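1. sequence? don't have it. structure:
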Ligand SMILES: CCCCCCCCCC(=O)SCCNC(=O)CCNC(=O)[C@H](O)C(C)(C)COP(=O)(O)OP(=O)(O)OC[C@H]1O[C@@H](n2cnc3c(N)ncnc32)[C@H](O)[C@@H]1OP(=O)(O)O
């Protein structure tokens, strides 16, 4: 597959509607990248959990190994530079996202699916590297994931907006290492203003809910309305 074919296949909102099922359609196809960078990020997520979640007697050998790897990647990689708004939604852009980016080991990642009513859902578990209070997910991580889910709900409804106001109600601690479910939907649009809302459950327990106001930037073109805006 060429890089441009890979780019087209990975754009938000290009999933095949014929694949709709009770499980929803993947909003961001999670195909392996031919380069192996998805796999590299997956291994780095393992490392991230091991480093944050364990104590060691001596990791100096590991430091040397990781430093060599970082030196190697620095030497052979072509940096992806931050771009302007015109690049929203491309794989180069989304891949680095801290919530959904397949290339970004910081992302859990969210793997959102969309339903015919444009509700967006993501199921995931978060490990100790996302810990805030003991045994619980950090509130800032919850906010990050809500912001992303609301943006994805907007994209699923063919609109884009910058987050102008994000309100979160934390109802119950969000447990680590437990199945979590985010659900988000767009509520209404008035001119450039877009309202969306979302919930986060652990089983039947409502952990948090969010309401966001988004404002469509001036100059957005029709084909960009199903692409993400990321902060
Ligand atoms: C598919 C994947 C999707 C992935 C989604 C990822 C989600 C991540 C989203 C983000 O993180 S975005 C990054 C964080 N947000 C920002 O950096 C936004 C910074 N703020 C701005 O850029 C501007 O303030 C903004 C674009 C929000 C608004 O500026 P504008 O000059 O375009 O709007 P303007 O001031 O003309 O206001 C337009 C309307 O919105 C209203 N408005 C603007 N900001 C508001 C606010 N903060 N609260 C309430 N209302 C607000 C404003 O009153 C007005 O209402 P009316 O039309 O009724 O008069």
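-> Received, thanks. Owing to the predicted nature of the structure, the values given are computational and were not obtained by experimental measurement.
2. going forward, measure contacts between C-alpha atoms and count neighbours the same way
-> Fine.
3. Just the element for residue 52, please.
-> Residue 52 belongs to helix 37-53 when elements are defined using DSSP states H and E.
4. Name the residues of that helix that are buried.
-> For helix 37-53, burial by neighbour count (16 or more other CA atoms under 10 Å) applies to 38, 41-42, 44-45, 48.
5. and residue 43, how far is that from residue 22?
-> 31 Å (CA to CA, to the nearest Å).
6. Quick one: residues contacting the most centrally placed residue in the chain.
-> Nearest to the mean C-alpha position of the chain, by CA atoms, centre = their mean, lies residue 100 at 2.1 Å. The contact partners of residue 100, taken as CA atoms under 8 Å, 6 or more residues apart in numbering, are 94, 107-111, 148.
7. List the contacts of the residue lying closest to residue 45 once chain neighbours are set aside.
-> Nearest residue to residue 45, sequence neighbours excluded (CA to CA, 6 or more residues apart in numbering): residue 105, at 5.1 Å. Taking CA under 8 Å, 6+ apart, we find residue 105 in contact with 41-42, 44-45, 48, 98.
8. quick one: secondary structure of residue 105?
-> Assigned with DSSP: H, G, I helix; E, B strand; the rest coil, residue 105 falls in the coil class.
9. So for residue 137, what's the nearest residue that isn't a sequence neighbour?
-> residue 131 (4.6 Å).
10. which ones are touching that neighbour?
-> Counting by CA under 8 Å, 6+ apart, the residues that residue 131 touches are 137-138, 176.
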